[in-house]
Every structure is written in C-alpha cells, then in structure tokens.
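>>> Just a sequence and a predicted model for now, questions to come.
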Amino acid sequence: MDREGVTIEDLARMVAKGFEETAKAQVVEAEFRVVNERLDRIEKFLLEEHRRRIERLEDQVKEIRETLAMK
C-alpha cells in the first residue's frame, strides 16, 4: 500500500483474508459444536448411570433396614 490510498490489489487481498478468517472461524465453531455434543452425551450417560446406582443402593438399604427390623 502506498500513502495515496488502497489499491485494487490491496483491497482484494484484504477481502480474501477476511474470507479466510471467516472460514477458519466457522470450522472452529463447528468443531466446538461437535465437542459440546459429545460432552452432552457423556454427561447424560454418566448421570443415568449414577441414577441407576443410587436406586440400587436405596433398594439395598431398604432391604437391610427391613432385615434389621425383623430381628
């Protein structure tokens, strides 16, 4: 660029760079979306597994209480 102004070539380079940056940002955003979806599935699985384990423990505690109440 010269001090007189921006040439057509300069403007073309700036526009091209802007498109490249936008494309990169879109790729990063898409990758984050994929990671977030995977984390959501993992979280859902872990929460469901913990819920099942807690229910089993509650059932076992209930059985123990009932057994102790009989003695």
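Looks like it arrived, so ask away.
>>> low-confidence ranges in this protein?
1-4, 71 (pLDDT under 70).
>>> Next, name the residue at the spatial heart of it.
When C-alpha atoms, centre = their mean is applied to the chain, the residue found nearest the centroid is Asn36 (1.4 Å).
>>> For Ile42, see how far away it is.
According to C-beta to C-beta, to the nearest Å, Asn36 and Ile42 sit 11 Å apart. C-betas here are computed from N, CA, C, even on glycine.
>>> How about Arg56?
When distance is defined by C-beta to C-beta, Arg56 is 21 Å away from Ile42.
>>> Count the neighbours of Arg13 for me.
Using other C-beta atoms under 10 Å, Arg13 is surrounded by 13 other residues.
>>> What separation do you get for it and Thr7?
Separation of Arg13 from Thr7 (C-beta to C-beta): 9 Å.
>>> Can you give me the distance of Glu20 to Arg33?
Distance of Glu20 to Arg33, given as C-beta to C-beta: 21 Å.
>>> Kindly report the same for Ile54.
Counting by C-beta to C-beta, the gap from Ile54 to Arg33 is 32 Å.
>>> Glu9 now?
36 Å.
>>> now Asp10
According to C-beta to C-beta, Asp10 stands 35 Å off from Arg33.
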